[in-house]
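Could you work out the structure for the sequence below:
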Amino acid sequence: MKDKKLAHFYYDIISPFAYFYVKERHLLEEDLIIKPVPVLLGGLLRSTENKGPAEIPAKRLHLYKYCVWLAHKLNIPFQFPQHHPFMTVAAQRLLVQEHADWEMVEKAFDFIWVQGKDPNLSWAEFCEHLGLSGLTSMPDNPEVKAQLISNTEEAKKEGAFGVPSLVVDGQCFWGVDTIAWTLDYLHSPGMFSEAHYLQAINVPNGLTRA
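Predicted structure coming up:
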């Protein structure tokens with residue numbers, strides 16, 4: 001049996017690209033054991049001094065159109081929720097609380113990106129869709145809150161600056177479009193020690209004064 005490496009998949013259900021990644025993750029599962037880890041995209045963006053696409057109107061419009069094209073290209077069912085972005089704190093805490101496996105994670109993404117619903121507006125229905133009681137409360141447990149914050153901080157430490165991010169061997173691959181790159185890395189794990197990669201990594205930043 002082939003030995004598989006462990007990889008961490010950092011996600012927030014707010015991201016359509018994380019949804020696409022979830023649907024395409026099978027491309028990596030021959031080589032990796034992928035552990036889904038819920039984070040807060042907003043917290044990750046703030047900690048890395050980064051802006052989300054929704055904060056830049058032209059970028060938001062561009063990416064939303066791209067999502068429609070990509071879903072068609074990948075032949076994946078897709079629709080936007082009632083509004084976007086929306087708050088995912090409660091939903092992400094719930095996924096932490098329930099130690100969500102891939103089945104639950106995929107159901108959470110489907111609720112938003114296939115059914116087009118906001119879990120905050122349909123909380124009971126969201127919980128039932130995950131296989132939980134419709135009477136499940138929005139998590140308010142301090143330990144759950146702390147774990148979600150810890151997950152987000154760990155993602156940053158591992159080099160993540162957005163979602164979806166996959167970390168394997170200490171290397172962070174960001175975005176659904178890096179699945180092919182991740183596969184190449186797994187088949188050539190020494191690639192980042194090659195001369196052309198080292199040259200790129202060590203290019204001086206022209207915006208940073210000595």
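
can you confirm residue 173 is in a strand?
Yes: under the criterion used here (DSSP: H, G, I helix; E, B strand; the rest coil), residue 173 sits inside a strand.

Specify the beta-bridge partners of it.
Here residue 173 sits in beta bridges with residue 166, going by DSSP bridges.

Can you report how many residues lie near residue 187?
By the other Cβ atoms under 10 Å criterion, the neighbourhood of residue 187 contains 9 residues. From N, CA and C alone the C-beta is placed, and that goes for glycine too.

Residue 188 now?
Considering only other Cβ under 10 Å, residue 188 is surrounded by 10 other residues.

where along this structure do the helices fall?
Along the chain, the segments classed as helices by DSSP state H run 16-24, 41-47, 57-74, 89-97, 102-113, 123-129, 142-157, 179-187, 195-201.

Show me which parts of the fourth one are buried, residue by residue.
Same thing as helix 89-97. Residues of helix 89-97 classed as buried by neighbour count (16 or more other Cβ atoms under 10 Å): 89, 90, 91, 92, 93, 94, 95, 96, 97.

and what of stretch 98-110?
Quick answer for stretch 98-110 (16+ other Cβ under 10 Å): 98, 100, 104, 105, 106, 108, 109, 110.

do stretch 13-31 as well
The neighbour-count check on stretch 13-31 (16+ other Cβ under 10 Å) flags 13-23, 25, 28, 31 as buried.
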